[in-house]
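Asks: Quick one, fold the following:
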Amino acid sequence: QNEFKPWCGNNVTQIAMASTFDTDIRQEQTDLTQSTNESEYEVTSTEKLTQDDTRSTVVRHTMADLKGLIKAQILDTVVKGVKTASGWKVLIVDDDALRMISACCRMYDLTDNGVVIVEDINKKRQPMLDVEAVYLCNPNSINAQLIKEDFTPKHKYKAAHIFFIDAADDAVIAQLAHPALKEVTRTISELNMNFVPRESGVFTLDMPDGLHEYYSPRSKNNRANLVAAKIASVCAALGEIPVVRYSAQSPECEGLARQVQERIDMLAKFDDGMTRKKSQLLIMDRGEDMAAPLVHELSYQCAVYDFLEDKMEGDIYTHTFTDGGGKTRQKRLVIGDNDEVWDEFRHTHIAEVGEKVAKRFKEFQAESEAAVVTGDTSTPEGKQKALKAMMQAAPQRKEMTERFSVHLSLAAAITSGNGSDKAAFDKFAESCVQAEQNILTGVDGQGKKVKSAVGELGSFISERGSSAAKLRALGVCVVAAGGLPDGELNRLYDLAEISFKGRKAVKNMEVFGIPVALNSRSKAAKPRSRLEGAGNPNLTQYFTSRWTPVVKDFMIGAVTGTLDTRAFPPVKGMPSAMVEAGSGGEEIASARKGRRNWAKNRNKGEEDSAASATPRKDRNRLIVFIPGAIGYNEIRCAYEMSKQYDVDVYIGSHTVCTPNQFVNKLQLMDEDIDAASAPVSGVADAIEAGEALQVVRGQSAPKASNSVHGI
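Replies: Predicted structure coming up:
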């Protein structure tokens with residue numbers, strides 16, 4: 001009966017530690033301010049550290065970093081690869097390329113390598129006759145026409161270097177065969193990077209309306225050709241020719257898989273870097289697991305994006321803190337942006353985050369002080385050298401201290417509240433989470449079998465609380481029960497005071513093959529049999545985190561060779577196990593057992609050795625694609641698999657969304673909508689100017705009326 005821990009352990013202890021930690025933060029900031037003011041030595045600009053020198057030292061398990069791969073291709077091939085007489089160039093991008101670059105590059109990455117300005121291909125631009133232009137864009141007829149217009153009838157630039165982010169068809173190449181372009185074109189190249197690398201192991205197709213486009217009966221075009229091209233681009237970027245498998249229950253997934261296979265075969269003919277190993281591409285239908293994008297999860301990343309969603313703008317969190325001088329300040333931070341604290345704890349249960357962050361801060365203080373105090377400090381020369389080293393480390397220490405403060409603030413906002421704000425995870429939310437876990441696992445926190453899924457909802461469904469949370473719990477109940485009798489479902493709607501739109505969201509799950517309202521002649525669907533032991537023991541020890549998304553079962557099956565080929569048949573070839581029998585199941589030891597060198601002085605472009613270790617080329621890779629949308633709990637499963645087995649696991653979808661965003665998308669499944677252009681994820685309103693690439697100079701110009709979406 002005591003097998004599972006309460007959701008948040010000893011809450012009193014956590015609050016006390018939070019208070020102590022906050023005091024330590026303020027003291028650290030005061031010390032840094034005093035040491036800076038008292039110094040009589042000037043540190044030159046080449047000796048200063050910037051916040052971007054704080055590189056992630058969380059062990060990457062030698063996994064190929066998608067963001068790192070795309071960044072290297074942009075810098076090495078597109079930017080550094082173009083040699084000009086003056087050493088300067090202008091970078092001209094379309095919307096797709098801009099979002100891709102913004103996801104993995106900083107502005108200084110470009111300016112340090114000769115880019116004088118970044119401009120939008122769709123906007124009016126001033127001529128720069130003495131500078132060569134580098135174009136990075138999609139290979140469509142509109143972009144080809146805009147490039148041609150830059151050199152007809154007059155030249156805007158000295159020369160043109162054209163890089164397409166995907167394979168171009170003959171019609172686009174023919175457009176570029178204009179006499180005026182032949183004179184000035186120095187480069188035409190095709191790159192495999194037609195996707196957005198959201199995290200090291202996560203990609204999106206940059207298609208926020210993908211759930212509607214792909215599944216809605218009102219969709220006018222699912223753009224399957226474009227989706228297949230983007231998925232194949234991910235495989236090519238990783239250098240893989242995988243066995244392509246798909247959900248047998250979905251004709252749409254089968255059709256997509258065959259198109260992806262054709263595209264991969266075509267790319268492999270022209271790309272010697274693509275190799276065949278035991279790698280697999282798994283296309284999983286969203287209807288295989290409709291609970292995952294709805295359920296409340298308490299791992300740190302999931303909790304932040306769920307419970308604090310109203311306090312964030314996309315990936316941007318406004319952090320309020322007290323500086324060393326006692327002044328209240330605010331700073332807007334991109335969550336996960338070069339943040340090793342986030343990288344280390346994002347998949348940790350929220351109950352442990354406050355305590356572990358406090359412990360890590362203590363280690364940071366000790367290690368940073370030890371790193372700068374070296375040699376003999378008894379002499380004036382030794383003291384001067386030590387003070388100089390401390391000054392060099394001060395910017396990094398200040399940034400890291402603020403990062404620790406941010407994560408304490410985030411954890412406290414969820415578990416115990418900040419100031420006058422109540423805890424986001426209150427008693428009602430706890431009841432909701434417990435009910436969802438009991439319904440999905442079929443047993444309660446004491447291991448007793450749940451008699452009725454509807455009965456679990458009865459404990460909180462009529463209480464005062466968030467209607468959105470009730471709606472999600474009700475949706476989870478419908479999925480787990482395989483549908484509910486129509487009368488009982490309407491009774492629950494009334495008890496929970498669910499609006500018409502909310503009821504429509506649940507009803508629209510039928511689009512994904514989920515039985516919802518059962519009549520006297522229909523039967524509830526049988527629950528899916530689950531793989532034993534698939535959950536992360538660090539999470540499942542809490543009775544509020546016992547359930548694991550279904551995708552984890554499929555990942556384990558694909559990696560170990562036990563995934564039924566009748567459930568996930570291959571388009572061609574036969575899949576085989578990626579690991580030897582009996583291997584896996586244990587996480588690779590963390591690099592934190594050794595010194596992290598927090599205060600080590602690095603050059604701006606230098607990556608941390610642990611983060612940039614050369615990936616092993618013999619590692620097999622599993623790429624999972626779920627059409628429509630994925631949740632942060634499914635992303636967590638991919639990272640866990642990479643740690644547990646000697647396999648690189650990547651996951652992607654049309655987009656990544658929070659549970660509430662997913663509910664909003666469900667509400668629109670029976671409506672006509674216009675495909676919207678995606679915003680730049682997480683950087684559109686980011687912190688200080690020049691820190692991230694997002695602003696492009698130019699005046700608005702009318703776009704061509706005939707939009708071409710891909711190939």
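
Asks: got the contact list for Ile264?
Replies: Remark: with contacts taken as C-beta atoms under 8 Å, 6 or more residues apart in numbering, Ile264 is in contact with 232, 235-236, 241-242, 244, 274. For every residue, glycine as well, the C-beta is placed using N, CA and C.

Asks: go again using 6 Å as the cut-off
Replies: With contacts defined as C-beta atoms under 6 Å, 6 or more residues apart in numbering, Ile264 is in contact with 232, 235.

Asks: what's the answer for Thr348, then?
Replies: With contact set as C-beta under 6 Å, 6+ apart, Thr348 has these partners: Tyr300.

Asks: Please repeat the previous calculation with a cut-off of 10 Å.
Replies: For Thr348, the contacting residues are 298-301, 356-357, 411, 536, 538-539, taking C-beta atoms under 10 Å, 6 or more residues apart in numbering as the criterion.

Asks: Output these in JSON lines; the columns should cover pLDDT.
Replies: Supplementary listing: the contacts of Thr348 in JSON lines, determined by pLDDT from 0 to 100:
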{"residue": "Leu298", "pLDDT": "94"}
{"residue": "Ser299", "pLDDT": "95"}
{"residue": "Tyr300", "pLDDT": "95"}
{"residue": "Gln301", "pLDDT": "95"}
{"residue": "Lys356", "pLDDT": "92"}
{"residue": "Val357", "pLDDT": "91"}
{"residue": "Ala411", "pLDDT": "90"}
{"residue": "Asn536", "pLDDT": "72"}
{"residue": "Asn538", "pLDDT": "71"}
{"residue": "Leu539", "pLDDT": "73"}
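
Asks: what about the nearest residue to Ala292 once chain neighbours are set aside, is that helix, strand or coil?
Replies: In space, Ala292 comes closest to Pro549 once its chain neighbours are excluded; the distance is 3.9 Å by C-beta to C-beta, 6 or more residues apart in numbering. Using DSSP: H, G, I helix; E, B strand; the rest coil, the structure places Pro549 in coil.

Asks: quick one: Pro549 and Ala453, what's the gap?
Replies: Note on Pro549: its distance to Ala453, by C-beta to C-beta, to the nearest Å, is 18 Å.

Asks: Confidence-wise, which helix or strand of the chain is lowest on average?
Replies: Using mean pLDDT, DSSP states H and E, helix 11-38 stands out as the lowest-scoring helix or strand of the chain, at a mean of 45.

Asks: export the helix or strand following that one as CSV, just CAs?
Replies: Beyond helix 11-38 in the direction of the C-terminus, DSSP states H and E gives the next helix or strand as helix 66-73. Backbone C-alpha positions of helix 66-73 (Å, rounded to 0.1, in the frame of the first residue of the first chain) are rendered in CSV as follows:
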residue,chain,number,x,y,z
LEU,A,66,19.4,17.5,-34.6
LYS,A,67,19.8,21.2,-33.8
GLY,A,68,23.6,20.8,-33.9
LEU,A,69,23.5,19.0,-37.2
ILE,A,70,21.3,21.7,-38.9
LYS,A,71,23.4,24.5,-37.3
ALA,A,72,26.6,22.9,-38.6
GLN,A,73,25.1,22.6,-42.1
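
Asks: Centre of the chain to the helix or strand following helix 66-73, how far?
Replies: Along the chain past helix 66-73, the next helix or strand (assigned with DSSP H and E) turns out to be strand 89-93. The chain centroid and the centroid of strand 89-93 are separated by 27 Å, computed with C-alpha atoms, centre = their mean, to the nearest Å.

Asks: strands paired with strand 89-93, and their directions?
Replies: strand 115-120 (parallel), strand 132-137 (parallel) (DSSP bridges).

Asks: so where is this structure shaky, pLDDT-wise?
Replies: Low-confidence segments of the chain (pLDDT under 70): 1-62, 321, 323-324, 369-396, 418-421, 529-533, 581-617, 675-711.

Asks: all strands for the stretch 501-650 of the chain, in order.
Replies: 517-518, 620-625, 647-653 (DSSP state E, counting those that start in this stretch).

Asks: Pick out whichever of Pro549 and Ala453 has more residues nearby.
Replies: For Pro549 against Ala453, the residue with the higher neighbour count under other C-beta atoms under 10 Å is Pro549, and the figures read 25 against 22.

Asks: Can you tell me how far that one is from Val516?
Replies: Here the distance between Pro549 and Val516 works out to 21 Å (C-beta to C-beta).

Asks: Next: Gly445.
Replies: 28 Å.

Asks: Asp553 too?
Replies: In terms of C-beta to C-beta, Asp553 sits 24 Å off from Val516.

Asks: since we're on the closest residue to Ile514 other than its chain neighbours, how many residues are nearby?
Replies: Leaving aside its chain neighbours, Ile514 sits nearest to Met290 (5.5 Å; criterion: C-beta to C-beta, 6+ apart). A total of 21 residues lie near Met290 under the criterion other C-beta under 10 Å.

Asks: My reading is that Met290 lies in a strand. Confirm?
Replies: No - per three-state DSSP, Met290 lies outside any strand segment and is coil.

Asks: OK, contacts around it?
Replies: Shown in contact with Met290 (C-beta under 10 Å, 6+ apart): 475-476, 478-480, 509, 512-514, 550, 662, 666.

Asks: List just the nearest of those to Val115.
Replies: Each of the contacts of Met290 was scored against Val115 by C-beta to C-beta, and Phe662 proved nearest at 37.9 Å.

Asks: Assign a three-state SS to that closest one, would you?
Replies: Here Phe662 is helix, with the state taken from three-state DSSP.
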